[in-house]
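Asker: got a predicted model here, sequence first, then my questions.
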Amino acid sequence: MAVHLQSSLFDQEDEVSTRPLRGIQRTDLGHGAWIDVLPQWLRGADTLFASLVRDVGWRAEQRVMYERVVAVPRLLAFFGRRDPLPHPALETARTELSRHYAAELGEPFTTAGLCLYRDGRDGVAWHGDTVGRGGTENTMVAILSLGAPRHLALRPREPGPAPVRRRLGHGDLIVMGGSCQRTWEHAVPKSARVTGARVSVQFRPDGVR
Ligand SMILES: O=C(O)CCC(=O)C(=O)O
Ligand SMILES: [Fe+2]
């Protein structure tokens with residue numbers, strides 16, 4: 001697949017590994033929601049990005065909108081708890097996240113959802129991950145971002161707290177936690193300023209979608 005990785009996204013270590021999660025910074029969003037952010041969590045992000053773009057069986061999806069079938073503007077792949085992940089570094093990343101959040105989350109991260117945003121015309125509209133337990137229970141969704149930087153925008157469902165926006169760069173980690181999936185919504189807005197492709201890897205516990 002012809003996707004473009006900016007040459008300024010330098011992280012050209014061949015070996016892919018994660019840095020300690022110790023320094024992760026929490027922001028309380030209000031309404032019981034929070035985000036944790038750790039820039040440059042991953043070393044060797046170029047290698048992992050290239051490998052995922054090349055090796056993952058990306059699927060185009062369609063959905064019905066205003067009675068018409070339209071293409072979902074991003075490519076997708078999903079790995080359930082028993083599926084081998086498409087790169088060993090993702091297994092390590094999932095294990096590290098499960099260890100770091102064990103006490104607070106009370107269960108491990110198990111599944112991995114992958115999205116490929118081919119350029120700035122791809123994006124995802126406002127939503128919460130509420131298909132499963134995230135609609136009724138506190139949970140966590142951890143996102144590793146690779147490739148061209150994109151914004152993750154967050155807004156509360158009920159008025160009160162101010163919306164927030166985080167620029168997710170190559171190798172960055174963001175974790176949405178607490179009530180975030182049911183009391184807030186998130187989106188990756190389309191943008192004419194985006195210069196290349198981005199891969200997002202979302203780790204979730206069982207039953208959260
Ligand atoms: O691209 C991202 O990091 C967010 C993806 C997302 O919100 C989702 O797939 O549910
Ligand atoms: Fe989401």
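Answerer: Done, it's in. Ligands and ions are numbered 1, 2, ... in the order given.

Asker: longest strand anywhere in the protein?
Answerer: Ranked by residue count under DSSP state E, the longest strand found in the chain is strand 68-79.

Asker: who's V188 bridged to?
Answerer: In this structure, V188 has beta-bridge partners V124, where bridges are defined by DSSP bridges.

Asker: list the contacts for it?
Answerer: Contact criterion CB atoms under 8 Å, 6 or more residues apart in numbering gives 117, 123-124, 150-153, 200 as the residues in contact with V188. C-beta here means a position set from N, CA and C on the backbone, and glycine is covered the same way.

Asker: just R81 next, same as before
Answerer: If you count contacts by CB under 8 Å, 6+ apart, R81 has them with 110-111, 206.

Asker: which strands border the longest strand of the chain, and is each parallel or antiparallel?
Answerer: Each strand that pairs with strand 68-79, with its direction, by DSSP bridges: strand 59-65 (antiparallel), strand 111-117 (antiparallel).

Asker: can you say which of those is nearest to C180?
Answerer: Comparison of these against C180 by CB to CB identifies strand 111-117 as nearest, at 15.9 Å.

Asker: near ligand 1 at all, that closest one?
Answerer: Yes - using CB under 6 Å from any ligand atom, strand 111-117 reaches ligand 1 at 113, 115.

Asker: now the longest strand of the chain - C-alpha only, PDB.
Answerer: Taking C-alpha atoms only, strand 68-79 is exported to PDB below (Å, rounded to 0.1, in the frame of the first residue of the first chain):
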ATOM      1  CA  ARG A  68     -26.900   5.400   1.500                       C
ATOM      2  CA  VAL A  69     -24.000   3.000   1.800                       C
ATOM      3  CA  VAL A  70     -20.800   5.000   2.300                       C
ATOM      4  CA  ALA A  71     -17.200   4.000   2.900                       C
ATOM      5  CA  VAL A  72     -15.900   4.300   6.400                       C
ATOM      6  CA  PRO A  73     -13.000   6.800   6.000                       C
ATOM      7  CA  ARG A  74     -10.200   4.700   7.500                       C
ATOM      8  CA  LEU A  75      -9.000   1.100   7.200                       C
ATOM      9  CA  LEU A  76      -9.500  -1.400  10.100                       C
ATOM     10  CA  ALA A  77      -8.200  -4.600  11.600                       C
ATOM     11  CA  PHE A  78      -9.200  -6.300  14.800                       C
ATOM     12  CA  PHE A  79      -7.300  -8.900  16.900                       C
END
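
Asker: many thanks, I have nothing further to ask.
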